[in-house]
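Peer 1: Show me the folded form of this:
(one chain, ligands or ions: 1)
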Amino acid sequence: MKADILITDTLLLPDPGSKTLIRDACVAIGANRITYAGPMTGCAEIEAEKVIDGHGRLAMPGLVNLHGHAPMTLFRGLADDLELTDWLNNHIFPAEARAVNPEMAYWCSSLAAAEMIASGTTLAADGYFHEHDVARAFEDAGLRAVAAQGIIDFPAPGVPDPGKNIEAAAAFIKTRQLHDSLVRPALFAHSPYTCSNTTLQRAKQLANATGVQLYIHVAETEHEYSLINEPLGPSPIKHLQGLGILDENTICVHCVWTDQEDLQIIAGQGSPVVLCPQSHLKLASGMADLPRMLEMGIRVGLGTDGCASNNSLDMFREMDICAKIQKLHRLDPVAVPATEVLKLATVNGAAISGFPGLTATLAPGSPADLILIDLQQPHLQPFYNGDLLVYAASGADVRTVIIDGRIVMEEGKLLTIDLDEVLQQVRSLATA
Ligand SMILES: [Zn+2]
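Peer 2: Numbering: from 1, shown residues only. The predicted model follows:
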């Protein structure tokens with residue numbers, strides 16, 4: 001039997017939703033899919049063009065970052081320790097008006113792609129402006145991604161007339177749907193407090209008409225809750241429900257300020273939720289009721305958010321924080337176990353992303369999105385089970401990354417991105 005890539009003599013975590021590890025394992029990849037993942041005895045007959053020695057490594061599915069704003073890498077560390085409204089209105093929106101253009105979106109998204117790939121993310125969902133250029137950067141990097149064009153009722157980068165925001169988004173979807181690539185288009189309505197009812201409904205109509213997902217920030221802060229609650233209705237989630245835009249293709253990012261009725265609406269509509277625990281901590285947004293969401297069968301994934309509000313795109317940090325803050329908040333060490341968090345950042349994220357057949361498991365037939373982690377380090381020994389990935393590993397432990405059967409990073413070297421050039425371009429944009 002022939003394979004394109006064969007990873008030998010490795011420790012294998014084929015399904016992050018379970019604790020099962022296979023020692024002395026191998027993984028074969030052919031035509032961008034897993035063809036074998038199991039004990040070494042099963043790959044004796046496999047010949048491969050490329051053999052990777054997996055000794056001392058853990059092979060596992062890549063991580064899924066379900067929410068970010070890639071061009072905002074330019075604003076990393078620009079304005080920290082501020083309240084959300086002050087941060088947005090007095091720092092981020094003015095910086096965006098000054099700095100965001102297609103070239104900036106491309107280079108800063110290339111930086112985001114480099115950071116994400118290097119830290120083990122194989123699929124990212126992005127929402128911003130100039131998403132053509134974000135998508136181009138992701139394509140060049142070989143990153144699997146959802147690129148969602150931003151919609152907001154203010155003048156925005158690339159969309160100076162907010163009256164044309166839906167039109168611009170429609171043009172983006174139309175163009176991107178002609179591309180056969182790892183980057184799928186979607187829509188990103190900024191929030192219920194920056195988009196009018198009409199805009200939100202038109203965005204959802206466009207999403208339905210074109211068969212794409214609609215991402216939206218919702219129920220992020222107490223301030224948003226009061227903005228929506230006073231003039232419009234009982235809560236941001238009920239507001240969206242009243243507008244008829246919640247369903248399984250509307251992805252609700254944040255959902256911190258939700259009560260039992262809100263969660264019942266989300267569960268009933270089948271809308272996925274994306275939590276960004278570090279962003280919630282840094283902006284002091286509040287604590288999402290993750291245990292309740294999971295009990296109610298709500299599909300939950302994890303995201304880093306833009307790195308201006310995090311300030312890292314490392315999903316290992318996100319998982320660690322996610323598990324620990326839930327335990328602290330409830331004074332319950334049993335709340336949200338590490339295996340559950342690992343599942344949110346892999347299996348759940350893949351399912352929510354809407355990529356056909358993507359499972360974030362290493363089973364024959366699955367798309368070959370996987371990472372190799374260096375276990376030969378003091379902080380990762382002994383390695384009893386995958387919980388250590390949540391509580392001790394970091395993105396810096398990722399050595400090799402394969403996306404859609406293509407090696408995009410090997411032994412710490414990015415193969416699809418000229419990192420020196422990206423760093424130089426972003427540094428010059430940062431000083432402009
Ligand atoms: Zn966000």
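Peer 1: Could I get the full set of helices for the stretch 251-400 of the chain?
Peer 2: Applying DSSP state H, counting those that start in this stretch to the stretch 251-400 of the chain gives helices spanning 260-269, 277-282, 290-295, 315-330, 338-343, 349-353, 387-391.
Peer 1: ranking those by burial, who's on top?
Peer 2: Using mean count of other CB atoms under 10 Å, the stretch among those with the largest mean neighbour count is helix 349-353, at a mean of 24. In this view, the C-beta of every residue, glycine as well, is placed from N, C-alpha and C.
Peer 1: Of all residues in this protein, which one is nearest the centre?
Peer 2: Nearest to the geometric centre of the chain sits Asn65, at 1.8 Å (CA atoms, centre = their mean).
Peer 1: Mind telling me what element that residue is part of?
Peer 2: strand 63-68 (DSSP states H and E).
Peer 1: about what we covered before: out of the helices of the stretch 251-400 of the chain, which is closest to Gly54?
Peer 2: Nearest of the helices of the stretch 251-400 of the chain to Gly54, taken as CB to CB: helix 387-391 at 16.2 Å.
Peer 1: Which neighbouring elements make contact with the closest one?
Peer 2: Counting contacts by 3 or more CB pairs under 8 Å, 6 or more residues apart in numbering; DSSP states H and E, helix 387-391 packs against helix 315-330, helix 338-343.
Peer 1: May I see those helices organised as CSV, with distance to Arg399 added?
Peer 2: Shown next, in CSV, are those (distance: least, CB to CB, whole Å):
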stretch, distance to Arg399
helix 315-330, 14
helix 338-343, 19
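Peer 1: any chance of these in TSV, plus mean pLDDT and distance to Val253?
Peer 2: What follows is the helices and strands packed on helix 387-391, written out as TSV (pLDDT from 0 to 100; distance: least, CB to CB, whole Å):
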stretch	mean pLDDT	distance to Val253
helix 315-330	96	14
helix 338-343	97	18
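Peer 1: Which among those is found nearest to Gly306?
Peer 2: Between Gly306 and the helices and strands packed on helix 387-391, the tightest spacing by CB to CB is seen for helix 315-330, at 13.1 Å.
Peer 1: send the alpha carbons of that closest one over as PDB?
Peer 2: Extracted in PDB, the C-alpha atoms of helix 315-330 (Å, rounded to 0.1, in the frame of the first residue of the first chain):
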ATOM      1  CA  MET A 315      -5.300  27.700  21.600                       C
ATOM      2  CA  PHE A 316      -3.400  25.800  24.300                       C
ATOM      3  CA  ARG A 317      -3.600  28.900  26.500                       C
ATOM      4  CA  GLU A 318      -7.300  29.200  25.700                       C
ATOM      5  CA  MET A 319      -8.000  25.600  26.800                       C
ATOM      6  CA  ASP A 320      -6.100  26.000  30.000                       C
ATOM      7  CA  ILE A 321      -7.800  29.200  31.000                       C
ATOM      8  CA  CYS A 322     -11.200  27.800  29.900                       C
ATOM      9  CA  ALA A 323     -11.000  24.800  32.300                       C
ATOM     10  CA  LYS A 324      -9.600  26.700  35.200                       C
ATOM     11  CA  ILE A 325     -11.800  29.700  35.300                       C
ATOM     12  CA  GLN A 326     -14.900  27.600  35.300                       C
ATOM     13  CA  LYS A 327     -13.600  25.600  38.300                       C
ATOM     14  CA  LEU A 328     -12.700  28.800  40.200                       C
ATOM     15  CA  HIS A 329     -16.000  30.500  39.400                       C
ATOM     16  CA  ARG A 330     -18.000  27.500  40.800                       C
END
